[in-house]
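1. Just need the structure, nothing else, for what follows:
(one chain, ligands or ions: 1)
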Amino acid sequence: MAEGIEEELAQLADLTHIEIGRREKRPLCNICSRPVGVCWCWSLGRQRVETSCRVVILQHPHEEKRCLRTAPILQAALPKGAYVEVKGKRFPFSRLVYLENT
Ligand SMILES: [Zn+2]
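-> Sure thing, here's the model as predicted:
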């Protein structure tokens with residue numbers, strides 16, 4: 001019985017040499033910060049999407065932690081000044097009214 005346990009422990013000790021997970025980080029896109037393999041910034045083209053209005057993104061801090069990275073892609077697709085990102089948990093009118101004049 002003791003031999004069985006020792007043999008089992010020796011087998012388990014061999015498992016400590018197994019590499020778990022990825023050691024190197026995947027290369028990231030310099031526009032959206034997504035891994036290059038799943039980035040679709042290339043599909044945006046060179047010309048930005050013209051808008052007649054400004055796009056305002058209201059982003060909760062928990063959304064920022066998610067790795068969807070859609071906000072940077074939207075920002076890359078729109079002309080400068082057509083995109084505003086406001087981060088927070090609540091967005092009362094008093095906080096957003098300044099956007100009207102900026
Ligand atoms: Zn990208």
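
2. Show me what Val84 bridges to in the sheet.
-> Residues found in beta-bridge contact with Val84 (criterion: DSSP bridges) are Val56.

3. Tell me who's in contact with it.
-> Contact criterion Cβ atoms under 8 Å, 6 or more residues apart in numbering gives Arg54, Val55, Val56, Ile57, Leu99, Thr102 as the residues in contact with Val84. From N, CA and C alone the C-beta is placed, and that goes for glycine too.

4. The third one and the ion, how far apart?
-> Just to be clear, that refers to Val56. Distance, Val56 to the ion, using Cβ to the ion, to the nearest Å: 22 Å.

5. roughly how far apart are that residue and Glu85?
-> According to Cβ to Cβ, to the nearest Å, Val56 stands 8 Å off from Glu85.

6. ok, now the fifth one?
-> With the distance defined as Cβ to Cβ, Leu99 ends up 11 Å from Glu85.

7. And for the first one?
-> Applying Cβ to Cβ, the value for Arg54 to Glu85 is 11 Å.

8. can you pull out the helices in this structure?
-> Remark: helices assigned in the chain by DSSP state H are 2-14, 61-65, 70-77, 93-96.

9. most centrally placed residue in the protein?
-> Centre of the chain computed as the mean C-alpha position; nearest residue by Cα atoms, centre = their mean is Cys67, 2.7 Å away.

10. need the contact list for that residue.
-> In this structure, Cys67 makes contact with Arg34, judged by Cβ under 8 Å, 6+ apart.
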